[in-house]
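A.B. asks: I'd like to go over a predicted model; first the sequence, then the structure.
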Amino acid sequence: MAGSPAAERGQAVRRRLLEAAVELVPERGWSAVSTRTLAERAGVTPSVVHYHFPSLQALLIEGVLGAMREVAGAFEAALETIGTPAGAVDALLASVGEYSGVDPMSLLFAEASLTATRDDTLRQGIQEILAGLRARFGRWLAEHGVADADGTAGVLLAAVDGLLLHRALEPESDRGVAAAVLRRLVS
């Protein structure tokens, strides 16, 4: 059963606000996003922001965590088609291969990580996403005979995050070396 036209319009506005947050954080930096600029980007008045969200910070957090869940979910879905631990390492590296370190999604994640050091709600949300991803990846690695699967999953995920951060600073770095080293962790 479809919702009322007013409810559907409200959901569309809410979606536009979240999309605007995900666009503006990497463009301007977390602390430079204002209610006014976010409302302008979403095509609404500033009062609408506070109608749909208790605060600008709550809106930014929801938008960023939604984007992070999508990225984590894409990797989890890819695990369903992979047959070997080395293949999982390759898929993990491929899942971040499209990111340069200075593209909007990379910058979004970097801004969120920095902000999470000062915001408990954001930190807890990111921790939940990471814990879920580590648990799922750890179970998959265990099913494929990798020793200390949970620890290995955590190290692999952290290493890939680090590689992505370094890519922004050293775009010419040899990705093949990292792949070979990470494959050894699962052999």
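C.D. replies: Looks like it came in fine. Not measured: the values here are computed from a predicted model.

A.B. asks: so what's residue 20 up against?
C.D. replies: By Cβ atoms under 8 Å, 6 or more residues apart in numbering, the residues touching residue 20 are 38, 41, 42, 63. The C-beta positions use only the backbone N, C-alpha and C, and glycine is treated the same way.

A.B. asks: pLDDT score assigned to it?
C.D. replies: Note on residue 20: pLDDT of 98.

A.B. asks: can you tell me the element it falls in?
C.D. replies: helix 5-28 (DSSP states H and E).

A.B. asks: mean confidence for the next helix or strand after that helix?
C.D. replies: Next along the chain after helix 5-28, taking DSSP H and E as the criterion, comes helix 35-42. For helix 35-42, the per-residue pLDDT values average out at 96.

A.B. asks: excluding its backbone neighbours, what's nearest the residue positioned nearest the centre of the chain?
C.D. replies: In the chain, the residue lying closest to the centroid (Cα atoms, centre = their mean) is residue 68, at 2.4 Å. Spatial nearest neighbour of residue 68, chain neighbours left out: residue 129 (5.2 Å); criterion: Cβ to Cβ, 6 or more residues apart in numbering.

A.B. asks: which of the contacts of residue 20 count as buried?
C.D. replies: If you count burial by 16 or more other Cβ atoms under 10 Å, the buried members of these come out as 38, 41, 42, 63.

A.B. asks: residue 177: neighbour count?
C.D. replies: Applying other Cβ atoms under 10 Å, we find 9 other residues in the vicinity of residue 177.

A.B. asks: in which helix or strand does it reside?
C.D. replies: helix 175-185.

A.B. asks: could you list the buried residues of the worst-scoring helix or strand of the chain on mean pLDDT?
C.D. replies: The weakest-scoring helix or strand in the chain, judged by mean pLDDT, DSSP states H and E, is helix 175-185 (a mean of 85). Neighbour counts over helix 175-185 (16+ other Cβ under 10 Å) mark 178, 179, 182, 183, 185 as buried.

A.B. asks: could you do stretch 152-164 as well?
C.D. replies: Across stretch 152-164, burial judged by 16+ other Cβ under 10 Å covers 152, 153, 154, 156, 157, 159, 160, 163, 164.

A.B. asks: same question for stretch 133-144.
C.D. replies: 133, 134, 136, 137, 138, 140, 141, 144.

A.B. asks: if we ignore the residues flanking it in sequence, what's nearest the last one?
C.D. replies: Using Cβ to Cβ, 6+ apart and skipping the chain neighbours, the partner closest in space to residue 144 is residue 85 (5.1 Å).
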